[in-house]
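**Student:** Task: produce atomic coordinates for the following.
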Amino acid sequence: MVATDTDEQKAKKVYHTKASGNALATVQQRSEAHELKLYGSCFCPFVQRVWISLEFKQVPYQYIEIDPYKKPKELVDINPRGLVPALKHGDWGCYESTVLMEYLEDLQAGESLLPADPRIRAHSRLWSDHANRHIVPTFYRYLQEQDAEKQLEHAVDLKNQIAKLVTAADPAGPFFLGPTLSFVDAQIAPWVLRLSRVLKPYRGWPDPESGGRWETWVKAIEAEPAVQATTSNDDLYLDSYERYAENRPNTSQVANAVNSGRGLP
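**Tutor:** Modelled structure (predicted):
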């Protein structure tokens, strides 16, 4: 029997609209109304960065799950493009994940992800910029690419960009600056998780080399309580990223930007 278009469409995996596992427990714990509100989507890595920051700092906040493809008015009022993450603090709102992480640092509430030393802060921002300019876009180029030869090129590029970041990290680790999670770790953690949960099943991404500095870093990120508290079950990521792996039309503004060669939105 030949499947109809409708049957094929029904077989497609779709993005999840509710967190699961540890992340669901955190959503439930953070559901009470609060003046500091994080608008997010459970599958979005840019949201998870900010979410990790909040959980690491252990400052009170309210998590509000949003379907960014439906762009509710409360989200658009903060970010006219309707993208998550968005933060509302009292009657003030802002967006863009790195900007929001910087804002949380400026509040000086809870434990800081950026050290006091201005030079180390600059070092952290420099390598956060590297992650945003080179690692994150290459992740999506690799995942969305349908040509096998070009996939290999993107895989090599991604490995090289990660290697540069590892070289800049504290040699002993396990995190970027040493024994404790910091700004760079929170920036890259969502994509570290998605290497094994998304790139491995869809593109054959290898596990870290045993005993290497990168493996030590990956294990530390996976074990970090703030990361675990914001991470859903593996099937959520596998399902939600199938549309990227197939490079379906209008998957997201991020996917469209990658396809067009533009910078990420």
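
**Student:** Centroid-nearest residue for this structure?
**Tutor:** Nearest to the geometric centre of the chain sits Pro45, at 2.0 Å (C-alpha atoms, centre = their mean).

**Student:** And that one, how close does it get to Tyr237?
**Tutor:** For Pro45, the distance to Tyr237 equals 9 Å [C-beta to C-beta, to the nearest Å]. (C-beta placed from N, C-alpha, C; glycine too.)

**Student:** can you give me the strands in this protein?
**Tutor:** Taking DSSP state E as the test, the strands found in the chain are 36-40, 62-65, 86-89, 92-95.

**Student:** Redo those strands as CSV? Include distance to Val184 and mean neighbour count.
**Tutor:** Formatted as CSV, these follow (distance: least, C-beta to C-beta, whole Å; neighbours: other C-beta atoms under 10 Å):
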stretch, distance to Val184, mean neighbour count
strand 36-40, 21, 23
strand 62-65, 24, 19
strand 86-89, 20, 23
strand 92-95, 21, 16
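
**Student:** Include mean pLDDT when you put those strands into CSV, please.
**Tutor:** Listed next are the strands of the chain as CSV, based on pLDDT from 0 to 100:
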stretch, mean pLDDT
strand 36-40, 98
strand 62-65, 98
strand 86-89, 98
strand 92-95, 97
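
**Student:** quick one, which of those strands is nearest to Asp207?
**Tutor:** strand 36-40 (28.5 Å; C-beta to C-beta).

**Student:** Which strands and helices lie in contact with that closest one?
**Tutor:** helix 45-57, strand 62-65, strand 86-89 (3 or more C-beta pairs under 8 Å, 6 or more residues apart in numbering; DSSP states H and E).

**Student:** Quick check: which helices or strands does the second one pack against?
**Tutor:** In this structure, strand 62-65 makes packing contacts with helix 21-29, strand 36-40, judged by 3+ C-beta pairs under 8 Å, 6+ apart.

**Student:** Recalculate using a threshold of 6 Å.
**Tutor:** With contacts defined as 3 or more C-beta pairs under 6 Å, 6 or more residues apart in numbering; DSSP states H and E, strand 62-65 has these neighbours: strand 36-40.

**Student:** Same check on the first one?
**Tutor:** Helix 45-57 is packed against helix 97-106, helix 183-194, helix 225-228, with contacts defined by 3+ C-beta pairs under 6 Å, 6+ apart.

**Student:** Highest mean neighbour count across those helices, which stretch is it?
**Tutor:** Highest mean neighbour count among the helices and strands packed on helix 45-57 (mean count of other C-beta atoms under 10 Å): helix 183-194, with a mean of 24.

**Student:** and for that helix, what are the contacting residues?
**Tutor:** With contacts defined as C-beta atoms under 6 Å, 6 or more residues apart in numbering, helix 183-194 is touched by 45, 48-49, 52-53, 113-114, 124, 127-128, 131, 139, 175-176, 218, 221, 227.

**Student:** Good, we can wrap up now.
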